[in-house]
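**Student:** Give the three-dimensional model of this entry:
(2 chains)
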Amino acid sequence: MKQTMDKQRHSESSASKAPSRRQFFTDVARGASAAGMVGLGLTAWASSAKRSDPQAIRPPGALSGDDFLNACLRCGLCVEDCPYDTLKLATLFDPAPSGTPWFEARQVPCEMCEDIPCVAACPSGALDPALQNIDDARMGTAVLIDEKNCLNFQGLRCDVCYRVCPLIDEAITLERQRNSRTGKHALFIPTVHADICTGCGKCEEACVLDETAIKVLPMALASGSLGQHYRLGWEEKARNGGSLVPEQLKLEIRRPENSNAN
Amino acid sequence: MPTERQADRRVGAEALAQLGWWHAHRFLLLRRFCQLSILALFAASFWYELDILKGNLSSSTVLNTVPLSDPFVLAQIIASGHWPAETALLGGFIVLLFYVLIGGRSYCSWVCPVNIVTDAASWLRRRLGISKTTRISNSLRYWMLGLSLLLPMLGGLLIWELVNPVSLLQRGLIFGLGSGWVLIAMIFMLDLFISQRAWCSHLCPMGAFYGLIGKLSVIRINARNRERCDDCMDCYKVCPEPQILKPVLKGAANSVSPIIFASDCTNCSRCIDVCAESVFEINTRFTTEVENKK
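**Tutor:** Here you go, the predicted model:
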């Protein structure tokens, strides 16, 4: 009975070229589940793309993390206006989500143009126009990642990363340490100051090793994070103008009688 | 191997004989010229710094001043919770206005480079006589559209833009395709072997988006001389959205307008090319009464 009714309805509806209600719900269910499967696949893809993303160094002024990915139109205008061909646009399997600008410092580092043409070219604000001074850029930070092979750690005076740094003696300094191998020389340890380093990557490009010992990493990858509950005593002391804990008890030193105090 | 029936009569053979090769291909040639010159201008800007048209179809500037942005990408960006800068919004508005006037899916047939890929697949399908096809719902593209706007809302990431073959191809042709050709080859194979016109007419959310934009558009294809139709079926064979043809061709009895108001129409005008009887015309939505006056 029901079947015949359905059949009837079906034939009626096909005559009038309007889909039956059942057909409609079937179509909706099929469409929804197909779209759902595509969505699931895409989300999986996206999360893996996000994981590989930290390797990509972004142009100066790039908003951080997801904010950048959301704001970027993938138009390549920053890439076009980069006079040194530093920036490139990611394709499907690059370590950056496809269509977004990135660069490999070891190949071509950022030359830190004073007028920051890439930022000026960005129509969407993904590269923040508030960045006016290129020295304020935070594309990432250099990290001397391989202390074993770095020539300066061997006691040699390579210093190349230090010398090419546009912010020499600010972003990278040479810190002296005792060379315990010879016992009488100094090690000049290249030391990156992440609060000043722009992440331009000139040090990474210049490193004389076959595989660079100093690498630019995105901030998110390079920096740790101190637990909120930590209080650094010296900072608290400075902030409060004095120690927060009571002075330590001074105990009287009692010596055995007739002992020889030095 | 073409079957005998198809080998007997190629699509558009009468038009070819009657109107000549150029006339029977004029809109196809115009479209290819349009698509390729847009890409060429973008490429010229990137490679030779000839900044007539700079950027790509997601966002660009004309002569370094007028911004143009893809409203579909902007919609995704807004869905992700980011408010784009004014330049991008202005660019999006200009593009939106343009397609509202000339027909939203004109983007698909006159600008989008994926159209060349899928047209090639469709042509090869006809030439090889592949008729087997998996049916995909025409409305799946709207689900895909919903998905591409919903995922950024849920995950706060432009997930669709990671894989969008349309952006990927046009970007790739200008900046280097890299591994992106894999995705384009997949679309070609899908259209050729699995389902006829699968991508552009069934799946692509961009097409759906531009279709919605074009609902009110002024430029329309018009089956103005539909009484001349001799049922050769050639227009059905070349049309990427053949379901929209029957009502306007055969609707005279039910006083259905000969103007194609369906927003799925890409204004590709290939139906005009292949019709030996010159049934179709391209004009505006306001020319309704022409047929009745005749």
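**Student:** Now for the residue of the stretch 101-250 of chain A found nearest chain B: which residues touch it?
**Tutor:** When scored by Cβ to the nearest Cβ, the stretch 101-250 of chain A has A:Gly125 as its residue closest to chain B, at 3.5 Å. C-beta here means a position set from N, CA and C on the backbone, and glycine is covered the same way. By Cβ atoms under 8 Å, 6 or more residues apart in numbering or on different chains, the residues touching A:Gly125 are A:Leu63, A:Ala71, B:Pro84, B:Ala85, B:Ala88.
**Student:** Run a quick neighbour tally on the fourth one.
**Tutor:** B:Ala85 is surrounded by 20 other residues when neighbours are defined as other Cβ atoms under 10 Å in any protein chain shown.
**Student:** repeat for A:Glu147
**Tutor:** 11.
**Student:** The nearest residue to it once chain neighbours are set aside in helix, strand or coil?
**Tutor:** Closest residue in space to A:Glu147, ignoring its immediate chain neighbours: A:Phe153 at 5.0 Å, by Cβ to Cβ, 6 or more residues apart in numbering or on different chains. Secondary structure state of A:Phe153, per DSSP: H, G, I helix; E, B strand; the rest coil, is helix.
**Student:** cool, B:Leu68 as well?
**Tutor:** B:Leu68 ends up strand, using three-state DSSP.
**Student:** what's it in contact with, if anything?
**Tutor:** Contacts of B:Leu68 by Cβ under 8 Å, 6+ apart are B:Gly55, B:Ser59, B:Ser60, B:Thr61, B:Val62, B:Gly91, B:Ile94, B:Val95.
**Student:** Kindly recompute the last result at 10 Å.
**Tutor:** A:75, A:123, B:53-55, B:57-62, B:88, B:90-95, B:98 (Cβ atoms under 10 Å, 6 or more residues apart in numbering or on different chains).
**Student:** Could you identify the buried members of those residues?
**Tutor:** A:75, A:123, B:53-55, B:57-62, B:88, B:90-92, B:95 (16 or more other Cβ atoms under 10 Å in any protein chain shown).
**Student:** Show me those residues that map onto strands.
**Tutor:** Counting by DSSP state E, those place B:Leu53, B:Lys54, B:Gly55, B:Ser59, B:Ser60, B:Thr61, B:Val62 in strands.
**Student:** So which of those is the closest to chain A?
**Tutor:** Using Cβ to the nearest Cβ, those come closest to chain A at B:Ser59, 3.4 Å.
**Student:** Excluding chain neighbours, give the residue nearest to the closest one in space.
**Tutor:** A:Cys75 (3.4 Å).
**Student:** quick revisit: where's the residue nearest to A:Glu147 relative to B:Leu30, distance?
**Tutor:** Going from A:Phe153 to B:Leu30 by Cβ to Cβ, to the nearest Å gives 66 Å.
**Student:** Any chance of a markdown table for the contacts of A:Gly125, columns secondary structure, pLDDT and distance to B:Phe175?
**Tutor:** As requested, these are arranged in a markdown table below (DSSP: H, G, I helix; E, B strand; the rest coil; pLDDT from 0 to 100; distance: Cβ to Cβ, whole Å):
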| residue | secondary structure | pLDDT | distance to B:Phe175 |
| --- | --- | --- | --- |
| A:Leu63 | coil | 87 | 21 |
| A:Ala71 | helix | 87 | 19 |
| B:Pro84 | coil | 84 | 21 |
| B:Ala85 | coil | 85 | 22 |
| B:Ala88 | helix | 87 | 19 |
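**Student:** B:Leu145 contacts B:Leu212, doesn't it?
**Tutor:** Yes - shown here, B:Leu145 and B:Leu212 form a contact pair, counting by Cβ atoms under 10 Å, at 8.0 Å.
**Student:** Neighbour count: those two, which is higher?
**Tutor:** Neighbour totals were compared for B:Leu145 and B:Leu212, and B:Leu145 leads with 22 against 14 (other Cβ under 10 Å).
**Student:** To which secondary structure element is the more buried one assigned?
**Tutor:** helix B:140-155 (DSSP states H and E).
**Student:** How many neighbouring residues does the residue in the stretch 101-250 of chain B that chain A sits nearest to have?
**Tutor:** Relative to chain A, the nearest point of the stretch 101-250 of chain B is B:Gly178 (2.7 Å; Cβ to the nearest Cβ). B:Gly178 has 18 neighbours, counted by other Cβ under 10 Å.
**Student:** sec struct for the closest residue to it other than its chain neighbours, please.
**Tutor:** Ranked by Cβ to Cβ, 6+ apart and with sequence neighbours excluded, the top spatial neighbour of B:Gly178 is A:Thr91, at 2.7 Å. Classification of A:Thr91 using three-state DSSP returns coil.
**Student:** is it true that A:Thr91 touches B:Trp181?
**Tutor:** Yes - taking contacts as Cβ under 10 Å, A:Thr91 lies within contact range of B:Trp181: 9.2 Å.
**Student:** re earlier: other SSEs contacting the helix holding B:Leu145?
**Tutor:** helix A:21-52, helix A:65-71, helix B:71-79, helix B:159-163, helix B:205-213 (3 or more Cβ pairs under 10 Å, 6 or more residues apart in numbering or on different chains; DSSP states H and E).
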